[in-house]
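A.B. asks: Build me a model from this:
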Amino acid sequence: MTFAQLAGGAAVLVALCSGVAQAQGYDPAARYDIDDVMGRHPHDVSELPTREEARGRPVTFDLSMSGTYSSNAGSVRTDPIDAGYLTPAFGINVTPVAVGGGWDIGGGALIDADYYTSDDDAFGEGRLEGFAFASRTLGPGVFTAEVILIGIFSNDFNDHDLDLRIADLTYSVEMGPLDAEVSAEYQGSDIAELRRARLTAMVGHTWDTPVLGHEITLEGDVAFSDFNDGLNTNRNDATAAVVLVAEKDLGHGWSLEWEAALVHRFSNREQSRFDAFDLGVTVAAAF
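C.D. replies: Purely as a prediction, here's the structure:
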């Protein structure tokens, strides 16, 4: 998971990343939005092992290595910096347990870190994440309630930059090759400028015929954010993205995934607008 620039709050957030020039700024909310559309968050319940896939095991594990190129590592409006990252990650998932009334509860945790291809590692970060969720079938889809805690670190986890505390409600539906999802969440933080309410929607289409052994999915994503505290009071952002995903099952729990995303953020704060192109590849093992 990764992040980028705060309008009106640049002076507050530059202190978090002293290695970044003030003209570049730093906005964890923007990096979060890019990671979200690229599906990098471990609390994406649709990607977690089900009870059937866990085959009775109470806990499962994920190990992955991602390589990512970003055309705008700082997610800034002007003078973007392109960069490459390597991101190793390790996750633990608690297999969902039925608690009655059609509800399943589960959770997990993950640690990962970005290694930024530069002598200045200002745009690389480490993350500790924990989440718990409850889900149940509702009508034609699945309703999920989640609580997510994210700690953001720099300097090889030596400096604790900030925390995000997220409460999220999601409804997802699959209809053959089409799937759709809407969510509402609130993100709290120890930094007033990062507190916001957020609405998201996604529509995806998966092709029936594999291409070179890969399952191909094209997604359209949109997210609206209403910041409500500190120097960002009355700031509104809308982030739109087109995402292409190619996934291949390598067997024995291994998988390969390619992602390309074109992201544009609109905002009533000029400094918070940006464009970015991200390209990534991930090799993962589930066991």
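A.B. asks: where does the protein dip in pLDDT?
C.D. replies: The model of the chain has pLDDT under 70 over residues 1-26, 41-43, 117-122.
A.B. asks: cutoff 90 now
C.D. replies: 1-28, 31, 34-56, 73-74, 81-83, 114-125, 154-158 (pLDDT under 90).
A.B. asks: immediately after the lengthiest helix in it, which helix or strand?
C.D. replies: Longest helix of the chain, by residue count under DSSP state H: helix 28-37. Per DSSP states H and E, the first helix or strand lying C-terminal to helix 28-37 is helix 51-54.
A.B. asks: got a list of contacts for the helix or strand just after that following helix?
C.D. replies: The helix or strand immediately downstream of helix 51-54 is strand 59-70, counting by DSSP H and E. The contact list for strand 59-70 (Cβ atoms under 8 Å, 6 or more residues apart in numbering) reads 2, 34, 40, 42, 49, 53-54, 82-95, 110, 276-287. C-beta coordinates here come from the backbone N, C-alpha and C atoms, glycine included.
A.B. asks: mind redoing it with 6 Å?
C.D. replies: Contacts to strand 59-70, defined as Cβ atoms under 6 Å, 6 or more residues apart in numbering, come from residues 49, 54, 83-93, 278-287.
A.B. asks: the strands in this structure, which residues?
C.D. replies: Using DSSP state E, the strands found in the chain span residues 59-70, 83-100, 103-113, 115-116, 126-138, 141-154, 159-175, 178-189, 196-206, 215-227, 236-251, 254-267, 274-286.
A.B. asks: ok, now which ones touch the closest residue to Ser225 other than its chain neighbours?
C.D. replies: In space, and not counting its chain neighbours, Ser225 is closest to Asp237: 4.4 Å by Cβ to Cβ, 6 or more residues apart in numbering. Listed by Cβ under 6 Å, 6+ apart, the contact set of Asp237 reads Ser225, Arg265, Ser267, Ser272.
A.B. asks: can you redo those residues as JSON lines with neighbour count and distance to Gly130?
C.D. replies: Listed next are the contacts of Asp237 as JSON lines, based on neighbours: other Cβ atoms under 10 Å; distance: Cβ to Cβ, whole Å:
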{"residue": "Ser225", "neighbour count": "25", "distance to Gly130": "23"}
{"residue": "Arg265", "neighbour count": "25", "distance to Gly130": "27"}
{"residue": "Ser267", "neighbour count": "20", "distance to Gly130": "30"}
{"residue": "Ser272", "neighbour count": "29", "distance to Gly130": "28"}
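A.B. asks: wait, which of those residues is closest to Val173?
C.D. replies: Using Cβ to Cβ, Ser225 comes nearest to Val173 of the contacts of Asp237, at 23.6 Å.
A.B. asks: Any figure for the gap between Leu178 and Thr217?
C.D. replies: Separation of Leu178 from Thr217 (Cβ to Cβ, to the nearest Å): 10 Å.
A.B. asks: thought Tyr116 was touching Gly126?
C.D. replies: No: distance between Tyr116 and Gly126: 11.3 Å, which falls outside the contact criterion (Cβ atoms under 6 Å).
A.B. asks: circling back to that earlier point, can you tell me which of the contacts of strand 59-70 are buried?
C.D. replies: Neighbour counting over the contacts of strand 59-70 (16 or more other Cβ atoms under 10 Å) leaves 49, 54, 83, 85, 87, 89, 91, 93, 278-280, 282, 284, 286 as the buried ones.
A.B. asks: So for Leu178 and Thr217, which sits in the more crowded spot?
C.D. replies: Thr217 (17 against 11; other Cβ atoms under 10 Å).
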